[in-house]
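Visitor: structure of the sequence below:
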Amino acid sequence: MKAGDLDRIKHAAKNGHLTYGRHALERAKQRSVSRADVIRAIATSTDLEGQEDRKVRLKGGVDIDGDPLEVVVVEIQSGLFVVTVL
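Guide: Predicted coordinates for the structure are as follows:
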């Protein structure tokens, strides 16, 4: 991952450029995670980890209640594709 990747990802989320995959929606429902929680977790993330298939795990973020929440995304042309929430 390059310097500036985290800022670019945060900017995409802030501007609402998020698409949710089926798996992400299922996990969010199971874990009582709202879309606002996902946006907050991305905005407050402090680190990222590159994974296979262009996936990026955003670490150190918190949801709107201040609870830890990690988000896995893939950058796509229109913004971010949310793969899952942890």
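Visitor: would you map the helices across the chain?
Guide: Using DSSP state H, the helices of the chain run over 5-14, 22-30, 35-44.
Visitor: with mean pLDDT added, can I get those in TSV?
Guide: Supplementary listing: those in TSV, determined by pLDDT from 0 to 100:
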stretch	mean pLDDT
helix 5-14	94
helix 22-30	97
helix 35-44	97
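Visitor: point out the most buried one among these.
Guide: Highest mean neighbour count among the helices of the chain (mean count of other C-beta atoms under 10 Å): helix 35-44, with a mean of 19. All C-beta atoms are positioned from the backbone trio N, CA, C, and that covers glycine.
Visitor: between helix 22-30 and it, find me the angle.
Guide: 110 degrees (axes from the mean of the first three to the mean of the last three C-alpha atoms, to 10 degrees).
Visitor: quick check: angle from helix 35-44 to helix 5-14?
Guide: Note on geometry: by the same axes, to 10 degrees, helix 35-44 and helix 5-14 are set 150 degrees apart in direction.
Visitor: before we move on, back to that, I'd like the helices of the chain as JSON lines, with distance to Val71 appended.
Guide: Formatted as JSON lines, the entries for the helices of the chain read as follows, by distance: least, C-beta to C-beta, whole Å:
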{"stretch": "helix 5-14", "distance to Val71": "9"}
{"stretch": "helix 22-30", "distance to Val71": "8"}
{"stretch": "helix 35-44", "distance to Val71": "5"}
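Visitor: buried ones in stretch 75-86?
Guide: Applying a neighbour-count criterion of 16 or more other C-beta atoms under 10 Å, one finds Glu75, Gly79, Leu80, Phe81, Val82, Val83, Thr84, Val85 buried in stretch 75-86.
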